[in-house]
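# What follows is a protein structure lacking sequence information:
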C-alpha cells in the first residue's frame, strides 16, 4: 500500500468515526422529547429505557463469555448515575437547561485526559472548547435566579458523571462496544430494580420506552464506543456538542417549550465553534494531499 493509499485509509477511518459520533449526538438529542412525553417517575424511565436497550442487544449481540474488570465496573457505575441524573434533571428543569448543563462534561474530560494520560490539548481543540463553554456559560447565565436550582445542580452532576464515563472508555479500548453497551444497561436496570417506585406502564408508555431504549439510548452508546476506536476522546467530546443544540429544538417543536434567548445565543456559539473546528480539519486534509 502506497503512502497516499495508507493516508486515505486512515482518513476514511477517522471520517467514519466522526460520523458515528455525530449520529450519537443526534440520537441522544431526542431524550428531551421522550422524557417530557412520559409522565413517569425519573427512575422508572431510566429503568425501562435500560431494560429495553439490554433486551435489544441480547437479541443482536452474542458474547462468548462474560468478563469484569475495574474499568468496566467504573463504566457501569458512572453510566447508571449519569443517565439517572440527566433524566431527573429533565423533570426538575427545562430540557434546554438540563442538556446544556450536562455539557459541562467536556471541561472535565479535557482535565481528566490531561491528568490521567498527559495528553496535550491541541490549539484547535482548545479554541473550540473555549467557544463551546462560552456558549454553555451564556445559557447558564440566562437561567440564573430561577426556582429550578436543584434541577440545575443535578444537570451539572450529570455532566461530571458523564465525563467520567467518557474518559474511562480509554481504558476499555479492547472491549467490544456491543458487549460494553449490553453490560452497562443490564447493570443499570438491575441496580434500579429495587428503587423504582412503580413498574406499571400503559401500552403507549411501554412503546415509547422501548423506542427510547433502543433508538435513543442503546444504539447511540454503541456508536459512540465505535467512534472512539478511530478518533480521539477530545474530538468526540466536541462533536457531541451538537446534542445540546438539537435537544431544545425538538422539545420546542413537540411541546412548545421555547428556549430562552440565552439558550438560542449559546447554542449558536456552540455551532459556530464546531464549524470553525471542521473548517480547520478540512483545510489540513486538503493540504495533506497537495
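Here it is on my side, so go on. In this text, all values refer to a predicted model and were calculated from it rather than measured experimentally. Numbering: from 1, shown residues only.

# Name the spans of this structure whose pLDDT lies under the cut-off.
Counting by pLDDT under 70, the ranges of the chain that qualify are 1-10, 62-65, 143-148, 278, 281-282, 285-290.

# Could you identify the helix or strand that succeeds the one helix or strand residue 235 maps to?
Per DSSP states H and E: residue 235 is located in helix 233-239. Heading C-terminal from helix 233-239, the first helix or strand you meet, by DSSP H and E, is helix 242-255.

# So which elements touch that next one?
helix 3-28, helix 31-37, helix 95-102, helix 261-288 (3 or more C-beta pairs under 8 Å, 6 or more residues apart in numbering; DSSP states H and E). Every residue, glycine included, has its C-beta placed from N, CA and C.

# For those helices, could you give me a markdown table that also reports distance to residue 202 and mean neighbour count?
As requested, the helices and strands packed on helix 242-255 are arranged in a markdown table below (distance: least, C-beta to C-beta, whole Å; neighbours: other C-beta atoms under 10 Å):
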| stretch | distance to residue 202 | mean neighbour count |
| --- | --- | --- |
| helix 3-28 | 24 | 16 |
| helix 31-37 | 12 | 22 |
| helix 95-102 | 22 | 29 |
| helix 261-288 | 32 | 16 |
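
# nearest to residue 171, of those?
Of all these, it is helix 3-28 that lies closest to residue 171, at 18.4 Å by C-beta to C-beta.

# Reformat the helices and strands packed on helix 242-255 as a markdown table; add distance to residue 131.
Shown next, in a markdown table, are these (distance: least, C-beta to C-beta, whole Å):
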| stretch | distance to residue 131 |
| --- | --- |
| helix 3-28 | 17 |
| helix 31-37 | 23 |
| helix 95-102 | 14 |
| helix 261-288 | 3 |
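
# Please identify which of those helices is closest to residue 189.
Checking these against residue 189 by C-beta to C-beta gives helix 31-37 as the closest, at 16.4 Å.

# what comes into contact with that closest one?
The contact list for helix 31-37, computed with C-beta atoms under 8 Å, 6 or more residues apart in numbering, reads 45, 86-87, 90-91, 95, 98-99, 208-209, 211-212, 216, 247-248, 250-251, 254-255, 257.

# Would you confirm that residue 75 contacts residue 165?
Yes. Counting by C-beta atoms under 8 Å, residue 75 touches residue 165, with 6.3 Å between them.

# same for the helix holding residue 235, what does it pack against?
Packing contacts for helix 233-239, counted by 3+ C-beta pairs under 8 Å, 6+ apart, involve helix 3-28, helix 105-117, helix 123-142, helix 149-168, helix 261-288.

# Throw those helices into TSV and include distance to residue 224, thanks.
Converted to TSV, the helices and strands packed on helix 233-239 look like this (distance: least, C-beta to C-beta, whole Å):
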stretch	distance to residue 224
helix 3-28	4
helix 105-117	12
helix 123-142	18
helix 149-168	8
helix 261-288	17
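
# Out of those, which is closest to residue 81?
Nearest to residue 81, of all these, is helix 149-168, at 4.8 Å by C-beta to C-beta.

# Give the other helices and strands that the helix or strand following the closest one contacts.
Where DSSP H and E defines the elements, the next helix or strand beyond helix 149-168 is helix 177-192. Counting contacts by 3+ C-beta pairs under 8 Å, 6+ apart, helix 177-192 is packed against helix 42-60, helix 70-92, helix 219-227.

# All set now, cheers.
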